[in-house]
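*Asks:* The amino acid sequence is not available; the structure is as follows:
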C-alpha cells in the first residue's frame, strides 16, 4: 500500500459531493477494495440508541450478507457511545479468522458515525495497518460531516434571511388584501412553485384572500371553490396535507386535494393550516407545482419551519388591517397634494387646539318670569262673597278695598247671640242672688254666659274683617271674582294675588343631570319666547334643595335675579323662555362629550 496514494484518494473523496448525508457512494466501495475486506459498512447514531446504515459495500461472493449485517449492526450499536476503536472476532467459514473493525467518527466530542470493516486475517496483530487506514478514513468522514454542517448552517441562514424578507415585505403593506397578495407572491418566488394561495377562515367558512401573480381573481369561480375546499380540508385535519402521497396512495381525507390536482393538472399540492398566537387555526396557504416539477426535501423543510411564522404574520395582517373608513381615508390622503396635506394637518392641529381650549360651560334650563314680591289675599272665614271691586291687571295701593264678604248671616248670628247672652246674664244674676241655689248651678250659669260672650266676640271679629284689602301696592295678578259674587267661599281659599311689577325675578327649572355642575352665584342669560329680540342678564341666587316632578322630568327649581330688568314694563309674570347658566370654564372636548361619558360610566360601572 502506498500511503501517499491513499492520502490523495481520501482527499479526493473528502471533496467529492455527498449523495447520502456526509457519505459519498464511492466511499464504502473504495475502502472495501483498499482493505480487501469482506464488507465495509457506515453507520450513524439513530433514535433510541439504534444504528442507522448510511452505506455498505460487500465483496463478490459474500455469503450470508444479511445475517452478517445484523451481527455487525449489533456490535456497532453496542459501541456507539464509545470513542475507542474495536477489533472483535466473528465466526468464519474458512481457515482464516473473520474480524470486525469498528472505528468511530468523532466530532466535537460526539460520535457522528461509525466505520465497520469485516476482514479475514490470521490474527489480530495483522489488522493494525487496517485500523490506521480506517482511522484515516474516519478523519475524512469527520471533515465531510463538518462540510455538511456548514452547508446546513449556510442554508438555514439563507432561508431565515429569505423568510424575514418575505415577512417584512408583507408587514409593510397598508391593508390585509395587499399584504396577503405580497406574501403569496414572495412565497411563490422563493419556493419556485406555480401558485401560492392564501385563505382565511371566518365563522367556519373559508374564503380565498390572495393568489400569487393575480391582483384580481374570481372568488366564485371553480378554481377558487376548489382551493377553498382544499384549505378547509387541511384546517379540519389541522395538519399539513401533501398531495399526492408517497407511493401515490390516496386517502378519503385528501378528496378535495385530489379534485384540485385533477382540475388544475399540477404535479404536487401542499396545503398548510396556519395558527395564530392563541393556537386557533384561522388561515391556510396552498402551494401548487406544475407537471415535471415538485418540491424537494429542503423545500418541504422550509415550509414546515416557516409555518408558525406565516400564521403569526397572517394573523397580524388581519388584525392590523384598517376598516372601510380607514382605507378610504388613506386613499384620499394619497390623492391629496402636498399643499392640501399641509392644510389638512394645520386644520387638524387647529381642531385639537380648539378642543383643548377652555370655554364657559353653559347649562340650559327652561325659565318663567315671576314678580320678586307677591302677596295672596285669602278668605278670612267660611262665608259668601258679596262683591268684588277690582279686576286682574288693575293697579292698587296698599289698603285698597278688593272685595267685601256678605254680612247678613253674621248680623243674624250676632243678634241671636246678643239675646242669648242677655238671657244668660239675667239667669246668672238670679242664681247669684238666690241663696238657696247651689254653687255648682250658679257656676254653670256663669260658664254659659262666658261661652256666649266668646261666640259673640268671634262673630264681631268676623264683622270687622268683612272687607278684603290689598296688603301691598301693586297689580292684581289673580282675582277675577265678579262672576262669583254671591257664591260661598271657604276659609283660606286664595281670592287675590297682588304683586308690584317694578322688580321681577326668573324661576329656572334645572335638569337633575346638570345640577352637579350648577351652584349659586353663577351668571345667567335668558331669552323669552314673547320677546325674542332681547336678552336679560342675571345671577343665580338660590337653588331648592329638593327636586320636583314637572312635565314628566325631575328638575330643581332655582331663582335668579335680573340685573337689568328693574322698572322694565315689558316683563309680565308668567312669561316663558330659555335660560343659559354660565358654569365653570372647561375644555371644549369635555363640554361636548361629558354627558356621554357620564352615561357610559353609569351603564358600565354600576
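*Replies:* Alright, I've got the coordinates. Just so it is clear, the structure is predicted and the values come from calculations on it, not from any experiment. Numbers count the residues shown, from 1 in each chain.

*Asks:* ok, residue 359 to residue 582 distance?
*Replies:* Distance from residue 359 to residue 582, counting by Cβ to Cβ, to the nearest Å: 10 Å. Where C-beta positions appear, they are placed from N, C-alpha and C, glycine not excepted.

*Asks:* ok, these two, which is more surrounded?
*Replies:* Using other Cβ atoms under 10 Å as the criterion, residue 359 and residue 582 rank with residue 582 on top: 16 against 13.

*Asks:* from what I can see the more buried one touches residue 522, true?
*Replies:* Yes. Applying Cβ atoms under 8 Å, one finds residue 582 in contact with residue 522, separated by 5.9 Å.

*Asks:* Would you mind pulling up the elements that the longest helix anywhere in the chain packs against?
*Replies:* Secondary structure of the chain read by DSSP state H shows that its longest helix is helix 128-171. Judged by 3 or more Cβ pairs under 8 Å, 6 or more residues apart in numbering; DSSP states H and E, helix 128-171 is in contact with helix 3-15, helix 27-35, strand 97-107, strand 110-121, helix 176-191, helix 297-320.

*Asks:* contacting residues around residue 186?
*Replies:* Counting by Cβ atoms under 8 Å, 6 or more residues apart in numbering, residue 186 makes contact with 165-166, 169-170.

*Asks:* coming back round to it: is it possible to export the helices and strands packed on helix 128-171 to TSV including distance to residue 550 and mean pLDDT?
*Replies:* Shown next, in TSV, are the helices and strands packed on helix 128-171 (distance: least, Cβ to Cβ, whole Å; pLDDT from 0 to 100):
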stretch	distance to residue 550	mean pLDDT
helix 3-15	103	65
helix 27-35	105	81
strand 97-107	95	84
strand 110-121	92	84
helix 176-191	55	90
helix 297-320	52	86
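
*Asks:* Now those in TSV, please, with extra columns for distance to residue 235.
*Replies:* Formatted as TSV, the helices and strands packed on helix 128-171 follow (distance: least, Cβ to Cβ, whole Å):
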stretch	distance to residue 235
helix 3-15	48
helix 27-35	46
strand 97-107	43
strand 110-121	40
helix 176-191	16
helix 297-320	12
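
*Asks:* of those, which approaches residue 332 most closely?
*Replies:* helix 176-191 (16.9 Å; Cβ to Cβ).

*Asks:* what's the spacing between residue 593 and residue 359?
*Replies:* Look at residue 593 and residue 359: by Cβ to Cβ, they are 13 Å apart.

*Asks:* Where does residue 73 fall, secondary structure wise?
*Replies:* helix 65-78 (DSSP states H and E).

*Asks:* just checking, what packs against that helix?
*Replies:* Helix 65-78 packs on strand 39-45, strand 51-58, strand 86-90, strand 97-107, strand 110-121, going by 3+ Cβ pairs under 8 Å, 6+ apart.

*Asks:* for the ones you listed, which one ends up most surrounded?
*Replies:* Neighbour counts (mean count of other Cβ atoms under 10 Å) averaged over each of those peak at strand 39-45, with a mean of 24.

*Asks:* What are the buried residues along the helix holding residue 73?
*Replies:* Buried residues in helix 65-78, counted by 16 or more other Cβ atoms under 10 Å: 68-69, 71-73, 75-77.

*Asks:* Touching that helix from outside, list them.
*Replies:* Contact partners of helix 65-78, identified using Cβ under 8 Å, 6+ apart, comprise 38-39, 41, 43, 49-51, 53, 56, 58, 62, 86, 88, 90, 100, 102, 114, 116, 118.

*Asks:* Quickly list the domain ranges of this structure.
*Replies:* Annotated domains of the chain cover 3-152, 173-325, 375-496, 500-604 [automatic domain parsing].

*Asks:* any chance of those domains in TSV, plus distance to residue 349?
*Replies:* Below are those laid out as TSV (distance: least, Cβ to Cβ, whole Å):
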stretch	distance to residue 349
domain 3-152	56
domain 173-325	21
domain 375-496	57
domain 500-604	15
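
*Asks:* between those domains, which one is nearest to residue 348?
*Replies:* Taking the domains of the chain one by one with Cβ to Cβ, domain 500-604 is closest: 14.1 Å.

*Asks:* Just give me how far that closest one sits from the chain centre.
*Replies:* Distance of domain 500-604 from the chain centroid (Cα atoms, centre = their mean, to the nearest Å) equals 39 Å.

*Asks:* Equivalent analysis for stretch 339-347, please.
*Replies:* 31 Å.

*Asks:* ok, and what's touching it?
*Replies:* Outside stretch 339-347, the residues that touch it by Cβ under 8 Å, 6+ apart are 333, 336.

*Asks:* any idea of the mean pLDDT for it?
*Replies:* What stretch 339-347 shows for mean pLDDT is 89.

*Asks:* Could I get the full set of strands for the stretch 351-500 of the chain?
*Replies:* Listed in chain order, the strands of the stretch 351-500 of the chain (DSSP state E, counting those that start in this stretch) span 358-371, 375-378, 383-388, 395-396, 401-405, 467-469, 474-478, 488-489, 494-499.

*Asks:* Take those strands and lay them out in CSV including mean pLDDT and distance to residue 81.
*Replies:* Shown next, in CSV, are these (pLDDT from 0 to 100; distance: least, Cβ to Cβ, whole Å):
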stretch, mean pLDDT, distance to residue 81
strand 358-371, 90, 81
strand 375-378, 85, 115
strand 383-388, 83, 128
strand 395-396, 84, 125
strand 401-405, 84, 126
strand 467-469, 83, 126
strand 474-478, 82, 116
strand 488-489, 86, 123
strand 494-499, 85, 115
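
*Asks:* mind putting those strands in TSV, distance to residue 310 included?
*Replies:* As requested, the strands of the stretch 351-500 of the chain are arranged in TSV below (distance: least, Cβ to Cβ, whole Å):
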stretch	distance to residue 310
strand 358-371	52
strand 375-378	87
strand 383-388	97
strand 395-396	94
strand 401-405	97
strand 467-469	98
strand 474-478	85
strand 488-489	95
strand 494-499	85
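
*Asks:* for these, which one sits closest to residue 276?
*Replies:* Closest approach to residue 276 among the strands of the stretch 351-500 of the chain is made by strand 358-371 (46.0 Å; Cβ to Cβ).
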